[in-house]
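J.: Predicted model, plus sequence, below.
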Amino acid sequence: MTRIVVVGAGIGGLATAAVLARAGLDVTVLEAHVYPGGCAGTFYHRGYRFDAGATLAGGFYPGGPMAIVAQAAGIDSWPARPSDPAMTVHLPDGAVVTRYADEIRWEERRAAFGAEAESFWRWQEHTADALWDLALRLPAWPPQTPSEAAQLIRDGLSWLGSNLKAHLSPQLALDAFRPLSAHLRNASERLRLFVDAQLLIAAQTTSRYANALYGASALDLPRRGVAHLKGGMGAIGQTLADAVQQNGGKVHYRQQVNRIARSVQRGHPVAVETKRGDVFPADIVIVNLPPWNIAQLLGESAPRRLRYLSARPQDGWGAFTVYVGLDGAAVSADVPLHHQVIVREPMAEANTVFASISPAWDKERASKGRRALTLSTHTDLRAWWDLFESDRGAYEARKAAYTDRVLAAAEIALPGLRAAADLILPGTPLTFQRFTRRVGGWVGGFPQTNLFRTWGPRLASKLWMVGDSIFPGQSTAAVAMGGLRVARSVLAELGLTPNSSIQNMLEARVRADLTPSPSPGDDPSTPLRSAQGAVARRGECNSPSPEAFFSASGERAGG
Ligand SMILES: Cc1cc2nc3c(=O)[nH]c(=O)nc-3n(C[C@H](O)[C@H](O)[C@H](O)COP(=O)(O)OP(=O)(O)OC[C@H]3O[C@@H](n4cnc5c(N)ncnc54)[C@H](O)[C@@H]3O)c2cc1C
């Protein structure tokens with residue numbers, strides 16, 4: 001049987017592994033850390049469970065990315081619960097804009113931008129609706145083989161045909177090549193600032209550089225609904241890791257991969273070696289890491305494109321984080337759980353801060369009466385590394401100064417925060433490198449400036465990359481979709497399913513002992529339902545009870 005080794009138990013690697021294991025392949029995941037999730041992991045510290053990086057979970061709606069992943073991976077339900085509002089954005093002029101999933105309430109709040117902003121929001125929402133429809137067909141972007149190119153054309157034609165009027169638009173074609181700022185020419189300063197801050201977290205760049213199509217879709221995350229995961233974001237990785245094992249695959253923790261060996265004659269990977277000295281023979285290797293890490297693991301045998309990479313990423317970001325344990329009394333019951341605070345421009349570097357508080361109902365996150373808070377800001381990597389290497393005292397001073405500024409920004413959303421804290425734990429890009437092993441602590445993938453700069457997942461014959469360095473980029477939902485795309489391509493190459501449609505992949509069950517998927521139209525209250533069987537209108541939100549978590553098809557995360 002074909003042996004597949006997946007390096008890294010981030011969300012992208014685990015989604016790929018769970019689907020391939022479900023198809024009956026011999027799948028082994030090797031993870032350096034002691035728990036899954038990587039940048040979307042949740043760690044214990046002094047009685048708190050902190051989300052390490054990602055805090056906002058999107059895609060858990062019927063027919064949405066996480067519903068499709070669940071169906072393909074054989075996951076019955078996610079321990080996720082709808083969360084509305086998605087977030088509150090605090091502008092420097094004191095205005096507060098709440099982003100609701102519920103379209104009617106978001107309508108109310110977008111009054112903050114005036115009637116002249118309506119044409120922008122109409123463009124954004126129509127574009128996002130069209131693009132999400134395309135993205136959920138898992139287009140093989142960029143195509144790397146003639147069969148992927150043919151498939152891309154078929155997917156594109158079926159997408160066009162599904163709504164000719166909306167999809168055959170010259171504006172969509174133009175937007176593939178221009179930045180989102182083309183739609184903000186007459187916008188107020190407040191709208192431009194708001195959009196830039198939201199794009200920074202969703203597309204890793206601002207409107208002047210973000211591709212218009214990508215930006216419109218990324219801005220849609222709150223409208224599509226966000227969710228809380230019981231126990232923290234790490235529950236996504238844990239659910240996927242459990243699925244890998246239930247599907248017959250293996251997940252080994254504390255197994256840091258040191259080297260991927262390739263056959264000199266044929267160029268295929270043949271084995272993966274770990275720091276402990278274990279050797280895992282492999283026919284196919286899928287690496288859930290950025291290109292710089294993969295180049296290190298392959299050394300001299302790296303494909304050309306990897307060998308000529310710069311020593312460190314030239315653009316993109318690191319993260320500065322502060323984890324705070326606090327008295328729950330400082331968080332009033334009506335305060336939303338996610339906040340973006342904009343203090344000033346330029347964006348990033350503690351001038352903008354994202355704050356996420358653990359829900360009061362989630363007893364796994366903190367002891368009674370306490371809450372776990374994750375604060376983060378985008379930061380340039382180079383300054384941290386230069387200081388660390390040249391002047392350790394200055395590095396520590398910078399860390400202390402950033403901690404103060406991040407906490408001061410967070411106080412705008414959560415007054416009294418510092419007085420209520422009994423634990424303040426800062427993390428720099430060096431911390432991220434240490435815990436995720438991503439070179440330099442580079443996180444969030446490539447800024448989405450251009451649809452054509454994106455890396456394809458196939459690095460060489462039987463050697464694949466998955467995660468936030470491939471299309472569609474960063475976020476737990478995006479890397480999970482990237483994982484499905486890789487799984488589909490691997491299955492097609494093995495001749496296990498034609499590379500023709502997502503449905504073929506969802507139906508790829510080689511092993512005889514797998515439970516058949518439920519039929520569409522099953523009782524919505526039962527946990528097992530297919531994505532197609534889940535029907536929910538936008539804006540319709542099932543009332544969440546503490547025990548009512550999403551079914552695989554998403555009991556719905558909001559709008
Ligand atoms: C501060 C911050 C905030 C974010 N906020 C959000 C958010 O709110 N919502 C959202 O959706 N996304 C958010 N993101 C982005 C999201 O977390 C990532 O895009 C996504 O989790 C990346 O997944 P990945 O599959 O690329 O793998 P990664 O998360 O990079 O995981 C890679 C895994 O590989 C393991 N590994 C590394 N080297 C080796 C080795 N040699 N051998 C074995 N294992 C190895 C690592 O330990 C890790 O588990 C945020 C990211 C950060 C950093």
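T.: Sure thing, it's come through. Residues are numbered from 1 along each chain as shown.
J.: What is the neighbour count of the residue in the stretch 401-550 of the chain positioned nearest to the ligand?
T.: At 2.7 Å from the ligand, Gly467 is the closest residue in the stretch 401-550 of the chain, using C-beta to the nearest ligand atom. All C-beta spots, glycine's among them, are computed from the backbone N, C-alpha and C. Other residues near Gly467 come to 30 when the count uses other C-beta atoms under 10 Å.
J.: my read is it is in a helix, agree?
T.: No. Read with DSSP: H, G, I helix; E, B strand; the rest coil, Gly467 is coil and lies in no helix.
J.: contacting residues around the residue nearest to it when sequence neighbours are not counted?
T.: Spatially, and ignoring its direct neighbours in sequence, Gly467 is nearest to Gly12 (3.8 Å; C-beta to C-beta, 6 or more residues apart in numbering). With contacts defined as C-beta atoms under 8 Å, 6 or more residues apart in numbering, Gly12 is in contact with Asn288, Val466, Gly467, Asp468, Ile470, Val479, Ala480, Gly482, Gly483, Val486.
J.: List buried residues within these.
T.: Asn288, Val466, Gly467, Asp468, Ile470, Val479, Ala480, Gly482, Gly483, Val486 (16 or more other C-beta atoms under 10 Å).
J.: quick one, what contacts the closest residue to Ala197 other than its chain neighbours?
T.: If the residues on either side of it in the chain are set aside, Ala197 comes closest to Ile342, at 4.9 Å by C-beta to C-beta, 6+ apart. If a contact means C-beta under 8 Å, 6+ apart, then Ile342 has Val89, His90, Leu91, Pro92, Leu193, Phe194, Ala197, Asn351, Thr352 as its contacts.
J.: let's see 7 Å
T.: His90, Leu91, Pro92, Leu193, Ala197, Thr352 (C-beta atoms under 7 Å, 6 or more residues apart in numbering).
J.: Specify the local secondary structure of the most far-flung residue of the chain relative to its centre.
T.: Of all residues in the chain, Gln265 has its C-alpha farthest from the mean position, at 37.3 Å, by C-alpha atoms, centre = their mean. Taken by three-state DSSP, the conformation at Gln265 corresponds to coil.
J.: how near is it to Thr55?
T.: Separation of Gln265 from Thr55 (C-beta to C-beta, to the nearest Å): 47 Å.
J.: Quick one: list the elements packing against the host helix or strand of Leu240.
T.: Element membership for Leu240, per DSSP states H and E: helix 234-246. On a contact count with 3 or more C-beta pairs under 7 Å, 6 or more residues apart in numbering; DSSP states H and E, helix 234-246 meets helix 11-22, strand 250-252.
J.: Let's have these in JSON lines, adding mean pLDDT and distance to the ligand.
T.: Conversion of the helices and strands packed on helix 234-246 to JSON lines gives the following (pLDDT from 0 to 100; distance: least, C-beta to the nearest ligand atom, whole Å):
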{"stretch": "helix 11-22", "mean pLDDT": "97", "distance to the ligand": "3"}
{"stretch": "strand 250-252", "mean pLDDT": "98", "distance to the ligand": "9"}
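J.: Residue numbers of the stretch 351-500 of the chain in contact with the ligand?
T.: When proximity is defined as C-beta under 6 Å from any ligand atom, the stretch 351-500 of the chain approaches the ligand at Ser376, Thr436, Arg437, Arg438, Val443, Gly444, Gly467, Asp468, Gln474, Ser475, Thr476, Val479.
J.: In strands, which of these appear?
T.: Members of these lying in strands (criterion: DSSP state E): Ser376.
J.: Which pair in the residues of the stretch 351-500 of the chain next to the ligand has the greatest spatial separation?
T.: Spatially, the most separated pair among those is Arg437 and Ser475, at 20.1 Å (C-beta to C-beta).
J.: More neighbours: those two, which one.
T.: Neighbour totals were compared for Arg437 and Ser475, and Ser475 leads with 26 against 17 (other C-beta under 10 Å).
J.: rewinding a little: and the helix holding Leu240, what's buried?
T.: Buried-residue list, helix 234-246, by 16+ other C-beta under 10 Å: Gly234, Ala235, Ile236, Gly237, Gln238, Thr239, Leu240, Ala241, Asp242, Ala243, Val244, Gln246.
J.: Not counting the longest helix anywhere in the chain itself, show me its contacts.
T.: The residue-count maximum for a helix in the chain (DSSP state H) belongs to helix 392-413. With C-beta under 7 Å, 6+ apart as the test, helix 392-413 has contacts from 88, 90, 320, 322, 339, 341, 343, 350, 353, 355, 375, 377, 387-388, 417-418, 424, 426, 428.
J.: Which stretches in the stretch 251-400 of the chain count as helices?
T.: 291-298, 304-307, 381-390, 392-413 (DSSP state H, counting those that start in this stretch).
J.: residues in contact with Leu180?
T.: Here Leu180 is in contact with Leu199, Ser207, Ala210, Ala212, Gly215, Ala216 (criterion: C-beta under 7 Å, 6+ apart).
J.: Three-state assignment for Gly231, please.
T.: Applying three-state DSSP: Gly231 is coil.
J.: Would you check how far apart it and Leu425 are?
T.: Relative to Leu425, and taking C-beta to C-beta, Gly231 is found at 19 Å.
J.: Surely Asn258 and Gly277 touch.
T.: No. In this structure, Asn258 is not within contact of Gly277 by C-beta atoms under 7 Å, at 9.2 Å.
J.: Between these two, point out the one with more neighbours.
T.: Asn258 (13 against 7).
J.: The more buried one: what's it in contact with?
T.: Asn258 neighbours (C-beta under 7 Å, 6+ apart): Glu273, Thr274, Lys275.
J.: Out of those residues, list just those in strands.
T.: Glu273, Thr274.
J.: Buried among the contacts of Asn258? Need that as a selection in PyMOL.
T.: Typed into PyMOL, the line below selects the buried ones among the contacts of Asn258, using 16+ other C-beta under 10 Å:
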select buried, resi 273+274
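J.: can you list the contacts of Asn258 in a markdown table and add pLDDT and distance to Asn186?
T.: Below are the contacts of Asn258 laid out as a markdown table (pLDDT from 0 to 100; distance: C-beta to C-beta, whole Å):
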| residue | pLDDT | distance to Asn186 |
| --- | --- | --- |
| Glu273 | 98 | 58 |
| Thr274 | 98 | 57 |
| Lys275 | 98 | 57 |
